[in-house]
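*Asks:* Predicted coordinates and the sequence they were generated for:
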Amino acid sequence: MFEGPLDEATAYYGESPTPQLILAETEDSGEDLLRKLDRLAENCDAGTHVLLVGSQNDIVQYRSLITSGVSDYLLRPLTIGAFIDAVERIFVDPNAPMMGKTIAVFGAEGGVGSSTIAHNIAWSIGTELGEDVTVVDLDLCFGTAAFAYNQEVSQGIEDMLAAPERVDEQLYRRFILQHNEQIGILGSRSSLGNVADIDSDALEQVLSFVRQQAAFVVLDIPHMWSAWVQQLLVDSDETVIIGTLDLAALRDTKNIVEAVEARRGEDSKVRVVLNHAGASKKTEVPVKEFEEAVGSKPVAVLPHDPTVFGEALNNGQMIGEANSKHKAVEVFGELAMLVTGRTATALKKRKKSRGGLNLFSKEKA
């Protein structure tokens, strides 16, 4: 990498390969600047982009620079945000297919309610926020996504994974189950004849296609610690770990959070959700102690209510459909906004009418 004046850079790149992006800062303007850029262009490889930083706020000069082949021109002082936005404009193909945001939901233990939470978050994304969302049930042996939405699966996600090269829009329409206009489900037949371990390459190919069909993809991940599960937890745009307030779940949540965050990095923390709060008040770990032990503040705490949740599941309904005034509906709505980065006018109005019920740790996505 070369660092130095524009004239020296021109000479340097006459003898060396050029990078994909050259960031140039200059005090020059007018014809002098254009001549220097022309000489630089003569020594650049095909496909090299030049991002120029200067102090001349002149629309005529800006147009001349863009016409000459400069990819973008930014004014000083240059901020990190402006630089990142400019690089994205340069390198992101505007004609490339939209890729939906992936939200992985995973239980620290079996039976903590991760599937129920995944399904209800997806329902809030589609119903409350009005966004297109697809639920992908990756529990091929015991999955409940289709059942939870009162759907029957004839062809499941396992069939797509068996032949990922055949997946196209026509085949996808045969597999997708529609709960409503916004919410689609890719369920599994939940057969013990299925192989629980999924081929990572096939999964990547199928999910890449699914992400082109919806703005958000909620991954309902079974409780297992295979290579493909770990990769999804690391690679997903948002990873939500579900725990409960007992010592075993605390231990497992802590281990999972530490393992996943070590690979996701400091800027991509996982979200911890605690379920079944109040199920055993005498023995459960206090939320504050759980937070201190895990090193991650829970973004939501859901109450233990087996009657309402059980009836909703048996009726093929989400909590918001079974009991729209249940306090968990508020939590699922807040979770939906957190993992999507979206806001909802409907949720704000409901909060105001219900006195600003605060069940959720306010945290920006």
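*Replies:* Sure thing, it's come through. These numbers were taken from a predicted model, which means no experiment stands behind them. Numbering: from 1, shown residues only.
*Asks:* where along the stretch 1-150 of the chain do the helices fall?
*Replies:* Assigned by DSSP state H, counting those that start in this stretch, the stretch 1-150 of the chain shows helices spanning 6-13, 30-42, 59-68, 80-91, 114-127, 145-148.
*Asks:* chain center to the longest one: distance?
*Replies:* When distances are taken as Cα atoms, centre = their mean, to the nearest Å, helix 114-127 is centred 14 Å away from the chain's centroid.
*Asks:* Spell out, range by range, the strands that occur in the stretch 201-350 of the chain.
*Replies:* Assigned by DSSP state E, counting those that start in this stretch, the strands in the stretch 201-350 of the chain fall at 216-221, 238-244, 271-277, 300-303.
*Asks:* Low-confidence stretches in this structure?
*Replies:* 1-4, 46, 57-63, 93-98, 343-365 (pLDDT under 70).
*Asks:* domain assignment for it?
*Replies:* As assigned by automatic domain parsing, the chain contains the domains 6-91, 101-353.
*Asks:* ok, for the residue nearest the centre of the chain, nearest residue in space, not its chain neighbours?
*Replies:* With distances taken as Cα atoms, centre = their mean, Asp237 lies nearest the centre of the chain, 2.8 Å away. Closest residue to Asp237 apart from its sequence neighbours, by Cβ to Cβ, 6 or more residues apart in numbering: Lys101 at 4.5 Å. Every C-beta, even on glycine, is put in place using the N, C-alpha and C of the backbone.
*Asks:* which ones are touching the one you found?
*Replies:* 215-217, 237-238, 340 (Cβ atoms under 8 Å, 6 or more residues apart in numbering).
*Asks:* Is Pro222 in contact with Phe142, as I believe?
*Replies:* Yes - between Pro222 and Phe142 there is a contact under Cβ atoms under 8 Å: 7.1 Å.
*Asks:* Between these two, which has more neighbouring residues?
*Replies:* Pro222 (21 against 16; other Cβ atoms under 10 Å).
*Asks:* Excluding chain neighbours, give the residue nearest to the more buried one in space.
*Replies:* Per Cβ to Cβ, 6+ apart, closest to Pro222 is Asp139, 3.8 Å.
*Asks:* Next: Leu40.
*Replies:* Thr10 (4.7 Å).
*Asks:* and the gap between that neighbour and Asn194?
*Replies:* 61 Å (Cβ to Cβ, to the nearest Å).
*Asks:* which SS class is Asp197?
*Replies:* At Asp197 the chain is in coil, as set by DSSP: H, G, I helix; E, B strand; the rest coil.
*Asks:* Could you give the number of residues near the residue lying closest to it once chain neighbours are set aside?
*Replies:* Once flanking residues are discounted, Asp197 sits nearest to Ser226: 5.4 Å by Cβ to Cβ, 6+ apart. Neighbours of Ser226 under the rule other Cβ under 10 Å: 13.
*Asks:* coming back round to it: highest average neighbour count across the domains of the chain?
*Replies:* domain 101-353 (a mean of 19; mean count of other Cβ atoms under 10 Å).
*Asks:* could you point out the longest helix in this structure?
*Replies:* Scanning the chain for the longest helix, with DSSP state H as the assignment, gives helix 247-264.
*Asks:* How far off centre is it?
*Replies:* 19 Å.
*Asks:* tell me what that helix is packed against?
*Replies:* helix 227-235, strand 238-244, helix 287-294 (3 or more Cβ pairs under 8 Å, 6 or more residues apart in numbering; DSSP states H and E).
*Asks:* So for Leu203, which of these sits nearest?
*Replies:* Among the helices and strands packed on helix 247-264, the nearest to Leu203 by Cβ to Cβ is helix 227-235 (5.7 Å).
*Asks:* Quick one: work out the angle between that closest one and strand 238-244.
*Replies:* Here helix 227-235 points in a direction 110 degrees away from that of strand 238-244 (axes from the mean of the first three to the mean of the last three Cα atoms, to 10 degrees).
*Asks:* Give me the contacts around helix 227-235.
*Replies:* With Cβ under 8 Å, 6+ apart, helix 227-235 has contacts from 102, 104, 106, 138, 197-200, 203, 219, 221-222, 239, 256, 259-260, 263-264, 270.
*Asks:* again, 10 Å this time
*Replies:* 102, 104-106, 138, 197-204, 207, 219, 221-226, 239-241, 256, 259-265, 268, 270 (Cβ atoms under 10 Å, 6 or more residues apart in numbering).
*Asks:* Next, the angle from it to strand 216-221.
*Replies:* Using the same axes, to 10 degrees: helix 227-235 against strand 216-221 is 140 degrees.
*Asks:* rewinding a little: tabulate the strands of the stretch 201-350 of the chain in a markdown table, adding columns for distance to Ile66.
*Replies:* Putting the strands of the stretch 201-350 of the chain into a markdown table (distance: least, Cβ to Cβ, whole Å) gives the following:
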| stretch | distance to Ile66 |
| --- | --- |
| strand 216-221 | 35 |
| strand 238-244 | 36 |
| strand 271-277 | 41 |
| strand 300-303 | 47 |
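*Asks:* so which of those strands gets nearest Ala86?
*Replies:* Closest among the strands of the stretch 201-350 of the chain, once you apply Cβ to Cβ, is strand 238-244, at 25.8 Å.
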